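>>> The amino acid sequence is not available; the structure is as follows:
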Ligand SMILES: *Cc1c(COP(=O)(O)O)cnc(C)c1O
């Protein structure tokens, strides 16, 4: 099977397994796991934030951040196709009691003018705006990079209106490797950031939340409330440190493979797709000749795993478990099916 469903299927490398094996451990709920503490210091330095915290998943990282920034009955601005709006089972409504204010972006980037337009006036009829959420790279838009200037324009609006900004940076390392903009520079335009260790970087579990010291302190209580306090979490953190130190530059290979796949797909009939829209490791196409479920099932039958992006698109995500030869084979299978 050639698995192009996601970059979450990536497995720890031999070096990462060795790092897990060698990790010094303690009880992180007491703040005593030296490996977790080292990962959190490294993550704070990488994002240019005062402090950072390990959480079990990206979803928990986003939700802890929303819970920490907001109070119930307020409104959170987010992109209409963002992970927080689309793929977190309405957690922010259930747990934080916030009302989402979805805004349509352009390739995942919400125009700063639209953000400013959506910020609520002070009126007892209206829910006060409490937070702006951004996503970079943007998953459902196709792994697109939100340009640094766009983030800075929103940061300017947020600062003027005294609002925090949270970045869902599940794939911020993909954005950084592809654009050459440092992770720290992307993060300097936001108050808090969440990024995943468990996607293209190959760690088995874990995400990071980073932000101001007082924010992370408050976020630790929310993590505990949600059951995210972990004991000898250095087992996880060791993989995270290894991922940050050894697996980031390798993301460029995923991007080259996605580019190869995109250029190959662009030449095919039977799909609606613009290869110029591919920025990183995600390629999303819309079949025109056959149904998307049918195409996904046919590819699977021939050994290529993909994900249907409801309602009508198919997603390929390049990842380290599928090398160039595998991607070439996958393209040949897609050619055969669409012929
Ligand atoms: C994967 C992902 C998350 C959450 O990740 P989990 O660890 O699966 O909870 C959040 N945001 C984006 C954009 C993602 O792609």
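Noted; the coordinates are in hand. None of these values were measured; they are calculated from a predicted model.
>>> rest of the way, CA atoms for contacts and neighbours
OK.
>>> neighbouring contacts of the strand or helix carrying residue 131?
Element membership of residue 131 [criterion: DSSP states H and E] is strand 129-135. Here strand 129-135 makes contact (CA atoms under 8 Å, 6 or more residues apart in numbering) with 66, 69-71, 74-79, 82-83, 108-109, 119-120, 146, 158, 163-170.
>>> Next: stretch 165-175.
Contacts to stretch 165-175, defined as CA under 8 Å, 6+ apart, come from residues 58, 62, 65-66, 131-137, 144-145, 155, 158, 181, 183, 187, 190-196, 199, 248, 251-252, 280-281.
>>> Can you select the buried ones among the contacts of strand 129-135 for me in PyMOL?
Selection of buried members from the contacts of strand 129-135 for PyMOL, criterion 16 or more other CA atoms under 10 Å:
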select buried, resi 66+69+70+74+75+76+77+78+79+82+83+108+109+119+146+158+163+164+165+166+167+168+169+170
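>>> which of the contacts of strand 129-135 are close to the ligand?
For the ligand, the contacts drawn from the contacts of strand 129-135 by CA under 6 Å from any ligand atom are 83, 168, 170.
>>> Specify the beta-bridge partners of the second one.
The bridge-partner assignment for residue 168, based on DSSP bridges, gives residue 135, residue 194.
>>> For the helix or strand of the chain with the lowest mean pLDDT, name the packing helices and strands.
Using mean pLDDT, DSSP states H and E, the weakest-scoring helix or strand in the chain turns out to be strand 271-272, at a mean of 90. Contacts defined by 3 or more CA pairs under 8 Å, 6 or more residues apart in numbering; DSSP states H and E place strand 271-272 against strand 282-287.
>>> what helices or strands is the strand it packs on leaning on?
Against strand 282-287 (3+ CA pairs under 8 Å, 6+ apart) you get helix 251-266, strand 271-272, strand 313-317.
>>> Of those, which shows the lowest average pLDDT?
With a mean of 90, strand 271-272 has the lowest mean pLDDT of the helices and strands packed on strand 282-287.
>>> just to revisit the earlier point, neighbouring strands for the least confident helix or strand of the chain, and are they parallel or not?
strand 282-287 (antiparallel).
>>> just the angle between the partner strand and strand 313-317, please?
150 degrees (axes from the mean of the first three to the mean of the last three CA atoms, to 10 degrees).
>>> How far off centre is strand 282-287?
The chain centroid and the centroid of strand 282-287 are separated by 18 Å under CA atoms, centre = their mean, to the nearest Å.
>>> what's the angle between whichever helix or strand comes after that strand and strand 313-317?
Once strand 282-287 ends, the next helix or strand along the chain (criterion: DSSP H and E) is helix 292-301. Using the same axes, to 10 degrees, one finds that helix 292-301 and strand 313-317 are set 40 degrees apart in direction.
>>> residues in contact with helix 292-301?
Here helix 292-301 has contacts from 286, 287, 305, 306, 307, 308, 312, 313, 314, 333, 334, 337, using CA under 8 Å, 6+ apart.
>>> mind listing the helices for the protein?
Counting by DSSP state H, the chain has helices at residues 14-22, 34-47, 58-69, 83-86, 91, 112-118, 148-160, 172-179, 183-187, 213-225, 234-246, 251-266, 292-301, 324-338.
>>> In CSV: these, plus distance to residue 100.
Listed next are the helices of the chain as CSV, based on distance: least, CA to CA, whole Å:
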stretch, distance to residue 100
helix 14-22, 39
helix 34-47, 26
helix 58-69, 11
helix 83-86, 7
helix 91, 11
helix 112-118, 11
helix 148-160, 17
helix 172-179, 23
helix 183-187, 23
helix 213-225, 20
helix 234-246, 31
helix 251-266, 32
helix 292-301, 29
helix 324-338, 38
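>>> out of those, which comes closest to residue 125?
For residue 125, the closest of those is helix 112-118, at 14.9 Å, according to CA to CA.
>>> domain ranges for the protein?
11-246, 250-338 (automatic domain parsing).
>>> wait, does the last one contact the ligand?
Going back to what we said before, that points to domain 250-338. No - interface with the ligand: domain 250-338 contributes nothing (CA under 6 Å from any ligand atom), its closest point being 10.5 Å away.
>>> Relative to the whole chain's centre, how far out is that domain?
20 Å.
>>> OK, contacts around the residue located most distally from the centre of the chain?
Most distant residue from the mean C-alpha position of the chain: residue 124, 35.2 Å away (CA atoms, centre = their mean). Residues in contact with residue 124 (CA under 8 Å, 6+ apart): none are found.
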